[in-house]
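Visitor: This is a predicted model, with the sequence first.
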Amino acid sequence: DIQMTQSPSTLSASVGDRVTITCRASENIDAWLAWYQQKPGKPPKALIYKASRLESGVPSRFTGGGSGTEFTLTISSLQPDDFATYYCQQYKTYSRTFGQGTKVEVK
Amino acid sequence: QVQLVQSGAEMKNPGTSVEVSCKATGYTFTAYGICWVRQAPGQGLEWMACISTYNGKTDYAQKLQGRVTLTTDTSTTTAYMELRSLTSDDTAFYYCAREGASAGPTVLDSWGQGTLVTVSS
């Protein structure tokens, strides 16, 4: 299986900050990567697919980038609603895999 | 609007089986796949399996192969996940999710509310 590794595991930030989360794949996944946001007690919500394409209704402050083995999720100006845990997921192979998650918390 | 509504919480004894259902509404059921993802309390997301609602083709995570079975009933637009030989390690929230329209794997664009399965004697 392809392993997905996110960094950092926890990120402390303030409203208005620019934050970047990194996701690395153990082998080339081209751009077959999605990002999800999850808040406590809720199911995940898709933010980005194919590495950089925004899901409908997702604010433009979220940006995805990268290809191959290294990917980023950037929030240009952190809003109160953005404090949550973020997961990357590869779907290059039929055995889809998630990263371990990055929790964005209040500094 | 797209909705995935899952069955209620379950409490099971070790060694038994559980079946969780996922009723889909608001879209053409056979145009999208259904995947299952679980999350142990306080832990991350774990992909379990996916099924094509069009032809029944399934993909299972290797670690669960032989213990999990996915099925669908197109007449009721409902997907089912059965997990057998339960242990305490299977205690988790189980989510169904719609896999976007594509010939292969793609993003999980809508999710059910989750079903808590607790395995304890």
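Guide: Sure, I can see it. Only a predicted model underlies this, so the values are computations on that prediction, with no experimental measurement involved. Numbers count the residues shown, from 1 in each chain, chains lettered A, B, ... in the order given.

Visitor: quick one: contacts of the helix-or-strand element of chain B with minimal mean pLDDT?
Guide: Taking mean pLDDT, DSSP states H and E as the measure, strand B:58-60 is the helix or strand of chain B with the lowest mean score, a mean of 94. For strand B:58-60, contacts defined as Cβ atoms under 8 Å, 6 or more residues apart in numbering or on different chains pick out A:Tyr94, A:Ser95, A:Arg96, B:Met48, B:Ala49, B:Cys50, B:Ile51, B:Ser52, B:Val68, B:Leu70, B:Pro105. From N, CA and C alone the C-beta is placed, and that goes for glycine too.

Visitor: Among these, which one lies nearest to A:Cys23?
Guide: Nearest to A:Cys23 among the contacts of strand B:58-60: A:Arg96, at 13.7 Å, using Cβ to Cβ.

Visitor: what's the nearest residue to the closest one if we skip its chain neighbours?
Guide: Excluding the flanking residues, the one nearest A:Arg96 by Cβ to Cβ, 6 or more residues apart in numbering or on different chains is B:Trp47, at 4.6 Å.

Visitor: helices or strands up against the helix or strand harbouring that neighbour?
Guide: Taking DSSP states H and E as the definition, B:Trp47 sits inside strand B:46-51. If you count contacts as 3 or more Cβ pairs under 8 Å, 6 or more residues apart in numbering or on different chains; DSSP states H and E, strand B:46-51 packs onto strand A:97-98, strand B:33-39, strand B:58-60, strand B:68-73, strand B:78-83, strand B:92-99.

Visitor: what lines up beside the third one in the sheet?
Guide: Sheet neighbours of strand B:58-60, with direction, are listed as strand B:46-51 (antiparallel) (DSSP bridges).

Visitor: and the angle from the partner strand to strand B:78-83?
Guide: Angle, strand B:46-51 to strand B:78-83, by axes from the mean of the first three to the mean of the last three Cα atoms, to 10 degrees: 130 degrees.

Visitor: Near chain B, which residues of chain A are found?
Guide: Residues of chain A lying near chain B by Cβ under 8 Å from any Cβ of the partner chain: A:1, A:32, A:34, A:36, A:38, A:43-46, A:49-50, A:55, A:87, A:89, A:91-101.

Visitor: again, 7 Å this time
Guide: Residues of chain A lying close to chain B by Cβ under 7 Å from any Cβ of the partner chain are A:1, A:34, A:43-44, A:46, A:49, A:55, A:87, A:91, A:94-98, A:100-101.

Visitor: re the thing from before, quick one, which of the contacts of strand B:58-60 are buried?
Guide: Neighbour counting by 16 or more other Cβ atoms under 10 Å in any protein chain shown classes A:Ser95, A:Arg96, B:Met48, B:Ala49, B:Cys50, B:Ile51, B:Ser52, B:Val68, B:Leu70, B:Pro105 among the contacts of strand B:58-60 as buried.

Visitor: any idea how far A:Tyr91 is from B:Leu108?
Guide: Going from B:Leu108 to A:Tyr91 by Cβ to Cβ, to the nearest Å gives 9 Å.

Visitor: who has more neighbours, those two?
Guide: B:Leu108 (29 against 26; other Cβ atoms under 10 Å in any protein chain shown).

Visitor: ok, the more buried one touching B:Cys96?
Guide: No: checked against Cβ atoms under 7 Å, the pair B:Leu108 and B:Cys96 is beyond contact range at 9.4 Å.

Visitor: tell me the SS of the residue nearest to the spatial centre of chain A?
Guide: Nearest to the geometric centre of chain A sits A:Trp35, at 3.9 Å (Cα atoms, centre = their mean). Put simply, A:Trp35 is strand when judged by DSSP: H, G, I helix; E, B strand; the rest coil.
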